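# A structural model of the following input is requested.
(one chain, ligands or ions: 1)
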Amino acid sequence: MRVLVTGGAGFIGSNFVRHRLREHPDDELVIIDKLTYASDTENLSGLRYTLIRGDIADAEAVKSATRDVDLIVNFAAESHVDNSIVSSENFVRSNIVGVHNLLEAVRRTGVRFHQISTDEVYGSLPLGSQERFSESSKYDPRNPYSATKAAADFLVRAYYNTYGLPVTISNCSNNYGPNQHPEKLIPKAIINAHLGRPIPVYGNGRQVRDWIFVEDHCSAIDAILQKGRYGRTYLIGVDNEQENISVVRRILSLMGRDESLIRFVEDRPGHDVRYAIDAGGIRGELGWRPAMTFEAGLRATVDHYLKYMKRYLMKVNGAMQNVP
Ligand SMILES: NC(=O)c1ccc[n+]([C@@H]2O[C@H](COP(=O)([O-])OP(=O)(O)OC[C@H]3O[C@@H](n4cnc5c(N)ncnc54)[C@H](O)[C@@H]3O)[C@@H](O)[C@H]2O)c1
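Residues are numbered from 1 along each chain as shown. Just a heads-up that it's a prediction; the model follows:
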């Protein structure tokens, strides 16, 4: 298969390219990536792929990249909620206009398309409740990032209903693992702990997320690509609800650092308090199971950042000024 991976130089996209080449060694991987501050071609080192530097919000670039491919998996997006609160224009362009361009290409070519989305489209659950998001939960995005992802999901659903296209969507919980940009909580905590710098934690740190190791997310996507039903949405989660503060404490303990590095800072506006996922759909229908425990995944993640610390420090010191 010739597989077009959009956003393949980012965190999850690069892990997916690695996963896909390992599981399907005969595949040909083509990546289209705008190479924003969040990308890094080092994430793809040692892999066999063709890279197109291009913007999915550019209809002509999408037209040419989608010629002669058998499958499109869309990871390309502006992904950092904090940036979307400062300015959401790039989020609308990449996350909505970009998806529209891809869907138009699918309409022309009939090629199989999978949209990578987030559990954030469902909004926030009360702390301490047993409620979880399911495929039938109502969309209720509460920040500009999740609103653009929700809009894209609706476009994909609408194109399925209107044109009967071969499309699927997955909404996954928070990912962690190798290659994530240091702007995100877990890499930032590891890097700051290593440097002995304060680790900022929003509000009281009691926000709950269902943390999934990125490789498990990739295996779930692959299961959907192989056996998923067109028009269907699959929720991906691993029943690993953790408070942000407890994640940071675990990292400090793994790294033998003191909790005095934790600094509570003013909360993010509209910060969702809890996400939780009922992944019964993908487990029951596709037989998918995660392979990694949180302990082992966090250990592997800490080891990765320590090993490549120099590379990540360059991003912390330089690229953070280029955020949209
Ligand atoms: N990180 C998570 O925890 C998480 C959870 C659920 C869903 N998602 C979704 O997964 C996808 C990937 O997330 P990530 O964490 O890997 O993000 P990321 O920011 O690490 O990577 C995004 C990649 O997309 C590229 N990109 C951005 N805009 C583009 C455009 N207009 N055209 C082409 N390329 C563009 C960037 O250069 C980068 O390489 C996103 O759609 C995100 O919404 C992420």
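# contacting residues for the residue of the chain found nearest the ligand?
Distances between the chain and the ligand by CB to the nearest ligand atom are smallest at Gly10, namely 2.0 Å. Bear in mind the C-beta positions are built from the backbone N, C-alpha and C, glycine included. Residues in contact with Gly10 (CB atoms under 8 Å, 6 or more residues apart in numbering) are 33, 38-39, 43, 75-76, 79, 179, 181.
# now do Thr6
Shown in contact with Thr6 (CB under 8 Å, 6+ apart): 13, 31-33, 56, 72-76, 98, 102.
# closest one to Ile224 out of those residues, please.
Val73 (9.7 Å; CB to CB).
# near the ligand, which residues of the stretch 201-324 of the chain are found?
Residues of the stretch 201-324 of the chain found near the ligand, taking CB under 6 Å from any ligand atom as the criterion, are absent altogether.
# low-scoring stretches of the stretch 201-324 of the chain, by residue?
Of all residues in the stretch 201-324 of the chain, those with pLDDT under 70 make up the ranges 319-324.
# related to what we said a few turns ago, sitting in strands, which of the contacts of Thr6 do you find?
Taking DSSP state E as the definition of strands, the contacts of Thr6 contribute 31-33, 72-74.
# which of those residues tops the neighbour count?
Ranked by neighbour count (other CB atoms under 10 Å), the ones in strands among the contacts of Thr6 have Ile31 at the top, with 29 neighbours.
# in the stretch 201-324 of the chain, which spans are helices?
214-227, 244-254, 280-286, 294-307, 309-317 (DSSP state H, counting those that start in this stretch).
# which of the ones you listed sits most buried?
Comparing these on average neighbours per residue, with mean count of other CB atoms under 10 Å, the densest one is helix 214-227 at a mean of 20.
# can I get it as CSV, trimmed to CA atoms?
These are the backbone C-alpha positions of helix 214-227, laid out as CSV (Å, rounded to 0.1, in the frame of the first residue of the first chain):
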residue,chain,number,x,y,z
VAL,A,214,1.6,6.5,21.9
GLU,A,215,2.5,3.0,20.6
ASP,A,216,-0.9,1.7,21.9
HIS,A,217,-2.7,4.5,20.1
CYS,A,218,-0.8,3.5,16.9
SER,A,219,-1.9,-0.1,17.2
ALA,A,220,-5.5,1.0,17.7
ILE,A,221,-5.4,3.1,14.5
ASP,A,222,-4.0,0.2,12.6
ALA,A,223,-6.8,-2.1,13.9
ILE,A,224,-9.3,0.5,12.6
LEU,A,225,-7.6,0.7,9.3
GLN,A,226,-7.8,-3.0,8.9
LYS,A,227,-11.2,-3.8,10.3
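# what does it contact?
Contacts of helix 214-227 with the rest of the structure, by CB under 8 Å, 6+ apart, involve 11-12, 15-16, 18-20, 23, 71, 73, 112, 114, 116, 168, 170, 172, 175-180, 234, 236, 238, 282, 285-288, 290-292.
# just how off-centre is that helix within its chain?
Using CA atoms, centre = their mean, to the nearest Å, we find the averaged C-alpha position of helix 214-227 to lie 13 Å away from the chain's own average C-alpha position.
# start at 19, not 1
Let's use 19 as the start, then, which means that last one is helix 232-245.
# and it with helix 312-325, angle?
The directions of helix 232-245 and helix 312-325 differ by 110 degrees, with axes from the mean of the first three to the mean of the last three CA atoms, to 10 degrees as the criterion.
# is any residue of stretch 172-191 near the ligand?
Yes - contact of stretch 172-191 with the ligand (CB under 6 Å from any ligand atom) involves Cys190.
# how far does that stretch sit from its chain's centre?
Between the centre of stretch 172-191 and the centre of its host chain there is 18 Å, according to CA atoms, centre = their mean.
# look at it and report the distance between its end residues.
Criterion CA to CA, to the nearest Å; first-to-last residue distance in stretch 172-191 is 19 Å.
# next: stretch 141-157.
Counting by CA to CA, the terminal residues of stretch 141-157 are separated by 7 Å.
# what's the neighbour count on Arg247?
For Arg247, the tally of surrounding residues (other CB under 10 Å) stands at 10.
# wait, it sits on Pro184?
No - with contacts counted by CB atoms under 8 Å, Arg247 stays clear of Pro184, the gap being 10.1 Å.
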